[in-house]
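Asks: Next comes the sequence, and after it the predicted model I'd like to discuss.
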Amino acid sequence: MTQIQPALFVPHGAPTFALRPGAAGAALSALAGSLPLPRAIVIVSAHWDTAVPTVGFAERPETIYDFWGFPEELYAIRYPATGCPEASEEVVAAIKAAGLPVATDSGRGLDHGAWIPLRLMFPDAEVPVIPLSIQSRGGPQKAYELGRALAPLTEKGFLVIASGNLTHNLRDYQMAARSGGQTPGYVRQFTNWLADNLHARNIDVLLDYRQQAPGGAQAHPSDEHLLPLYVALGAGGENAEASRFHAGIDDYVIAMDAYSFLPKKGG
């Protein structure tokens, strides 16, 4: 019998997270080690943004270096993932079954939002990987709907990993770095607000975060790095419990919190 997989929201931080994974990296590795081996991984990265949900079909997705000006050793890293066209077809079918539009891409590789956490969690690249895009123009509601479309796959051994960051204001990072590195108050206020509302499953409140959360718009001048959280929330299924398995801040303003979503036992 196939064991149900959780849906995960994980941080990918700055590209240097690959070189200095620290406590967040250790938490991702430990969590992955506690799971039954997935049949396939659906990886949703904040850095692949399309008009409609798009499923990757590459049989050997390339490692994409979608960043500039970082240490040379980053550009030497390869994540030797394999794809699985049959599993990709199942992802397409699940999205269609939910009444959502869907497209395919036979050449899409893994951007740093995908390969950095995957490398920390599955360093041997033993599980097939299927990239899936976000739709920033759709906001939290559409991201949540996409996640709900994926929920049936978790019962078939698919592990949904959605990769972003709970705060992502690069202008504030630059200011903090220049001024000596003080974390703005909104970073913890916003992540604590998310934790409280995720625990209580206040879905409508969470979807309206820009109006209701303290520091919501400052934490995310644009939505794309938070949208993977809503994908994971939806993919966890009805009445899923949110478990925060890491909390922390890197680079002054980048929240590195990570969540697992699983249906309540007996729920």
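Replies: Cool, got the structure.
Asks: How about stretch 13-25, which residues are buried there?
Replies: Across stretch 13-25, burial judged by 16 or more other C-beta atoms under 10 Å covers Gly13, Ala14, Pro15, Thr16, Phe17, Ala18, Pro21, Ala24, Gly25. (Glycine included, C-beta is placed from N, CA and C.)
Asks: try stretch 246-266
Replies: Buried, per 16+ other C-beta under 10 Å, within stretch 246-266: 246-263.
Asks: Rounded mean pLDDT for it, please.
Replies: The average of the pLDDT scores along stretch 246-266 is 91.
Asks: got the phi/psi numbers for Ala240?
Replies: phi -70, psi 140 (degrees, to the nearest 10).
Asks: For it, the count of nearby residues, please.
Replies: As a burial measure, Ala240 scores 24 neighbours (other C-beta atoms under 10 Å).
Asks: what about the residue nearest to it when sequence neighbours are not counted, distance to Gly22?
Replies: Residue nearest to Ala240 in three dimensions, not counting chain neighbours: Phe261, with 4.3 Å by C-beta to C-beta, 6 or more residues apart in numbering. Per C-beta to C-beta, to the nearest Å, Phe261 is found 24 Å from Gly22.
Asks: give the contact list for His112.
Replies: Going by C-beta atoms under 8 Å, 6 or more residues apart in numbering, His112 touches His12, Pro15, Ala18, His47, Ile64, Tyr65, Asp66, Phe67.
Asks: Now the second one, what are its backbone angles?
Replies: Phi and psi for Pro15, reported as degrees, to the nearest 10, are phi -50, psi -30.
Asks: hang on, isn't it packed against Phe70?
Replies: Yes: using C-beta atoms under 8 Å, Pro15 makes contact with Phe70 at a distance of 5.0 Å.
Asks: which stretches of the protein form strands?
Replies: Secondary structure of the chain (DSSP state E): strands at 7-11, 40-49, 54-56, 103-105, 129-134, 158-164, 240-246, 249-250, 254-255, 258-263.
Asks: Could you dump those into a markdown table and include distance to Ala200?
Replies: Putting the strands of the chain into a markdown table (distance: least, C-beta to C-beta, whole Å) gives the following:
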| stretch | distance to Ala200 |
| --- | --- |
| strand 7-11 | 17 |
| strand 40-49 | 24 |
| strand 54-56 | 32 |
| strand 103-105 | 35 |
| strand 129-134 | 25 |
| strand 158-164 | 20 |
| strand 240-246 | 9 |
| strand 249-250 | 23 |
| strand 254-255 | 19 |
| strand 258-263 | 14 |
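Asks: Determine which of these approaches Ala213 most closely.
Replies: When those are compared by C-beta to C-beta, strand 254-255 sits nearest Ala213, at 12.6 Å.
Asks: gap between the closest one and the chain center?
Replies: On the basis of C-alpha atoms, centre = their mean, to the nearest Å, strand 254-255 sits 14 Å off its chain's mean C-alpha point.
Asks: Starting from that strand, tell me which strands it pairs with and how they run.
Replies: Looking at strand 254-255 with DSSP bridges, its partner strands are strand 249-250 (antiparallel).
Asks: got a list of contacts for the partner strand?
Replies: Gly13, Ala14, Phe17, Gly22, Ala24, Thr183, Val187, Arg188, Ala255, Met256.
Asks: Could you do stretch 142-149 as well?
Replies: 7, 53, 94-95, 97-98, 100, 132, 134-135, 160, 162, 203, 207, 227-236.
Asks: now with 7 Å?
Replies: Outside of stretch 142-149, the residues within contact range by C-beta atoms under 7 Å, 6 or more residues apart in numbering are 7, 53, 94-95, 98, 100, 134-135, 207, 227, 230-235.
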